[in-house]
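A.B. asks: fold the following.
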Amino acid sequence: MRIRNYVKAILFGTFLIAACTTNKNIETSNQDTFALELDILKDYFQIPGLAVLVQKEGEILYEDYLGFSDRENEVYLDSSITLPMASLTKIFSGIVIMQLAEEGKLSLDTAINIYVEANIPDSIKISHVLSHTSQGAVGENFYYSGRFGWLTTVIEKASGTPFEIAIKERILDKIGLKNTYLLKDSTQLLSEKRTLAKPYLLAGDIVDGVMEKESKSGFVDYGFSAAAGITATVRDLGILNEALNKNTLISESSKHKMATPFTTNSPYGLGIFSQEFMEEKLEWGYGQYDCYSSLFLRVPSKQLTLILAANNNLLSDPARLINGDVTTSLFALSFLKNFVFDLSDMQLLEDENSLGELPDKILKNNKEMYKRKLLAQSLAASFMSRFDVLEGTRSKALMQHYFTQFPDSNTAPNLNVLFNLQLLKFMDMMRDKPDFTAFDEAFEKIGNKLLTIDQDNPYANYYMGNYYQTKNQINRTTFYFSNIISAKNFSPWWYTQEAQDWLDKQQRGED
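C.D. replies: Residues are numbered from 1 along each chain as shown. Here you go, the predicted model:
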């Protein structure tokens, strides 16, 4: 049973923290703590509706539907209402490609230009696109890429059927996913009598000099490809998860290949993320549209799975999951600490009173969990700082504690740390605040190390360019943004456009 009557403690006045220790006389299970933390995170990120499913050994261990499918009309979210899952579609596409490989209808080592009519080098194989390693030096580095959509044509030509038919016949019908479909347009919702959760955006307006956040009606992303477009319920994704556990859709060998990092320095396999954390293998995927988000996280050794879906983008966006580390998600960490590592007595979020010396228990056993949740909380606060200046202050305090407790992090090549530090500076610049320099040395060391490892990394170049833009160092900004534009074998994407726009403005003499 959900516990909804806990006191929700306050961090720095407005940030809600886990209150599992609020009442020492109340004994709560790991599940109760997880339920409480979900409530807190939902409120903090102002998610209108959140669906959650936790499975263990094929059984539903926990299921709940929080909030509204349609807030204005007070329609509550429930198990019958579907949500767009965005890039979780990649898992479906990966499964179909592995099926076609098992059937001998394609080889992962075939040049993708056999299927896709474009000027694509022979060196780029199907496996490279499926693993997000097709850009830069082919097969070497992971860059989450829009090229994944090329696999739509691969599936169609290899299967001899339209993409949507291949998905339907090979997965949806085969395992009985009645509430899962590829969302083409609004007429489909009417003809198929589907109920879709209403989309929302978290926006902000200046009121008396302060940005106030507010959930507003958003829009639906129609259309589908191998990269995105699946709409489903968490229950249906639970059925998919169990089919993977039982090898109903693909063989054990194919499943292992799909969930094994493609290269030693990659967090991605063939259609799904894969990483190690505290000696546990995590297999996961995420979805993110402007107005929807989702998370699918498997811990195979424990036969535990978390599935989440929301009708705004804040389940995914604040965590920068595109960089390939699921432990930057507070939602994922809550699941991991409560169900996988039995750490329900560790509070999920820190407050101003807890940012001191590490307790002996943490130092002895759980230092890595503590480290990850500090960064995840700081990332969340940085994201929310666009609506509330105090969130930036909180994020800075968390990062200061992070660097103090874990001094090696001052130079470790962590892309999410680099992103977080440049965002904090950028938000201060946007508010015309004095340049915040406390983390500059760490930023430059981390950024330089990342680019020494991989000089073409578009994200590291973009973050470095933004950093020097806040310092009004035009030559350095130009250097890093030019690196993005001039890098060989990269398809244009959002970072290319933003870098080019800035360079064009400089060419025209605009600020």
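
A.B. asks: just for the stretch 201-350 of the chain, where's the confidence low?
C.D. replies: Within the stretch 201-350 of the chain, the stretches with pLDDT under 70 are 204-212.

A.B. asks: tell me which helix or strand comes right after the helix or strand hosting H128.
C.D. replies: For H128, the host element (DSSP states H and E) is helix 126-130. Of the helices and strands lying after helix 126-130 in sequence (DSSP H and E), the nearest is helix 151-159.

A.B. asks: now the helix or strand that that next one is followed by: buried residues?
C.D. replies: Using DSSP H and E, the helix or strand that follows helix 151-159 towards the C-terminus is helix 163-167. Neighbour-count burial for helix 163-167, counted by 16 or more other Cβ atoms under 10 Å, picks out 163-164, 166-167. In this view, the C-beta of every residue, glycine as well, is placed from N, C-alpha and C.

A.B. asks: out of these, what pair is the most spread apart?
C.D. replies: The distance between the two most remote of these (Cβ to Cβ) is 7.3 Å, for E164 and A166.

A.B. asks: mind listing the residues bridging to the closest residue in space to F387 that isn't next to it in sequence?
C.D. replies: Excluding its sequence neighbours, the residue lying closest to F387 (Cβ to Cβ, 6 or more residues apart in numbering) is K213, at 3.6 Å. Per DSSP bridges, residues listed as beta-bridge partners of K213: G204.

A.B. asks: returning to that earlier point: dump the buried residues of helix 163-167 to TSV, plus distance to R235.
C.D. replies: Conversion of the buried residues of helix 163-167 to TSV gives the following (distance: Cβ to Cβ, whole Å):
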residue	distance to R235
F163	24
E164	21
A166	23
I167	18
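
A.B. asks: export the residues you listed to JSON lines and tack on pLDDT?
C.D. replies: Listed next are the buried residues of helix 163-167 as JSON lines, based on pLDDT from 0 to 100:
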{"residue": "F163", "pLDDT": "98"}
{"residue": "E164", "pLDDT": "98"}
{"residue": "A166", "pLDDT": "98"}
{"residue": "I167", "pLDDT": "98"}
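
A.B. asks: let me know the closest of these to G136.
C.D. replies: F163 (27.4 Å).

A.B. asks: let me see the contact set for that closest one.
C.D. replies: With contact set as Cβ atoms under 8 Å, 6 or more residues apart in numbering, F163 has these partners: 152, 155-156, 182, 224-226.

A.B. asks: what's the ChimeraX line that selects buried ones from those?
C.D. replies: Applied in ChimeraX, the following selects the buried portion of the contacts of F163 according to 16+ other Cβ under 10 Å:
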select :152,155,156,182,224,225,226
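
A.B. asks: just send the contacts of F163 back as TSV, with distance to P434 too.
C.D. replies: Output for the contacts of F163, formatted as TSV (distance: Cβ to Cβ, whole Å):
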residue	distance to P434
T152	49
I155	53
E156	56
L182	50
F224	47
S225	46
A226	47
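
A.B. asks: before we move on, back to that, you'd agree the residue nearest to F387 is up against F45?
C.D. replies: No. Counting by Cβ atoms under 8 Å, K213 does not reach F45; the two are 9.7 Å apart.

A.B. asks: what do these two both touch?
C.D. replies: In contact with both K213 and F45: 202, 384, using Cβ under 8 Å, 6+ apart.

A.B. asks: the more surrounded of those two?
C.D. replies: Between K213 and F45, counted using other Cβ atoms under 10 Å, F45 has the larger neighbour count: 24 against 16.

A.B. asks: isn't the more buried one up against S316?
C.D. replies: No. At 10.3 Å, F45 does not count as touching S316 under the criterion of Cβ under 8 Å.

A.B. asks: got the buried residues for stretch 53-62?
C.D. replies: Buried residues in stretch 53-62 (16+ other Cβ under 10 Å): 53-55, 62.

A.B. asks: now for these: which two are most distant?
C.D. replies: Spanning the widest gap among the buried residues of stretch 53-62 are Q55 and Y62, at 8.7 Å by Cβ to Cβ.

A.B. asks: mind naming the longest strand for this protein?
C.D. replies: strand 59-70 (DSSP state E).

A.B. asks: and that strand, what does it pack onto?
C.D. replies: Counting contacts by 3 or more Cβ pairs under 8 Å, 6 or more residues apart in numbering; DSSP states H and E, strand 59-70 is packed against helix 30-44, strand 49-56, strand 75-76, helix 234-245.

A.B. asks: now that strand against helix 30-44, angle please.
C.D. replies: Angle between the axes of strand 59-70 and helix 30-44 is 20 degrees (criterion: axes from the mean of the first three to the mean of the last three Cα atoms, to 10 degrees).

A.B. asks: run me through the strand neighbours of strand 59-70, direction for each.
C.D. replies: Partners of strand 59-70, by DSSP bridges, with direction: strand 49-56 (antiparallel), strand 75-76 (antiparallel).

A.B. asks: out of the ones you listed, which comes closest to V234?
C.D. replies: For the strands paired with strand 59-70, proximity to V234 was assessed by Cβ to Cβ; strand 49-56 is nearest, at 4.1 Å.

A.B. asks: who touches the closest one?
C.D. replies: Contacts of strand 49-56 (Cβ under 8 Å, 6+ apart): 34, 38, 42, 60-69, 71, 76-77, 79, 83, 197, 233-235, 237-238, 241-242, 302-311, 315, 335, 339.

A.B. asks: could you redo the last one with a cut-off of 6 Å?
C.D. replies: Here strand 49-56 makes contact (Cβ atoms under 6 Å, 6 or more residues apart in numbering) with 42, 61-69, 77, 197, 234, 238, 304-311.

A.B. asks: cool, stretch 367-378 as well?
C.D. replies: Residues outside stretch 367-378 that contact it (Cβ under 6 Å, 6+ apart) are 278, 327-328, 330, 333, 349, 362, 395, 398-399, 402, 406, 420.

A.B. asks: just the CA trace of it, in CSV.
C.D. replies: Extracted C-alpha coordinates of stretch 367-378, given in CSV (Å, rounded to 0.1, in the frame of the first residue of the first chain):
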residue,chain,number,x,y,z
LYS,A,367,30.7,5.6,-0.8
GLU,A,368,30.0,5.1,-4.5
MET,A,369,26.3,5.4,-4.0
TYR,A,370,26.8,8.5,-2.0
LYS,A,371,29.0,10.0,-4.7
ARG,A,372,26.6,9.2,-7.5
LYS,A,373,23.6,10.7,-5.8
LEU,A,374,25.5,13.9,-5.0
LEU,A,375,26.1,14.4,-8.7
ALA,A,376,22.6,13.4,-9.6
GLN,A,377,21.1,15.8,-7.2
SER,A,378,23.3,18.6,-8.3
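
A.B. asks: name the residues of it that are buried.
C.D. replies: By neighbour count on 16+ other Cβ under 10 Å, the buried set for stretch 367-378 is 369-378.

A.B. asks: and the contacts of the longest strand of the chain?
C.D. replies: The set of residues external to strand 59-70 that reach it, using Cβ under 6 Å, 6+ apart, is 31, 42, 48-54, 75-78, 81, 197-198.
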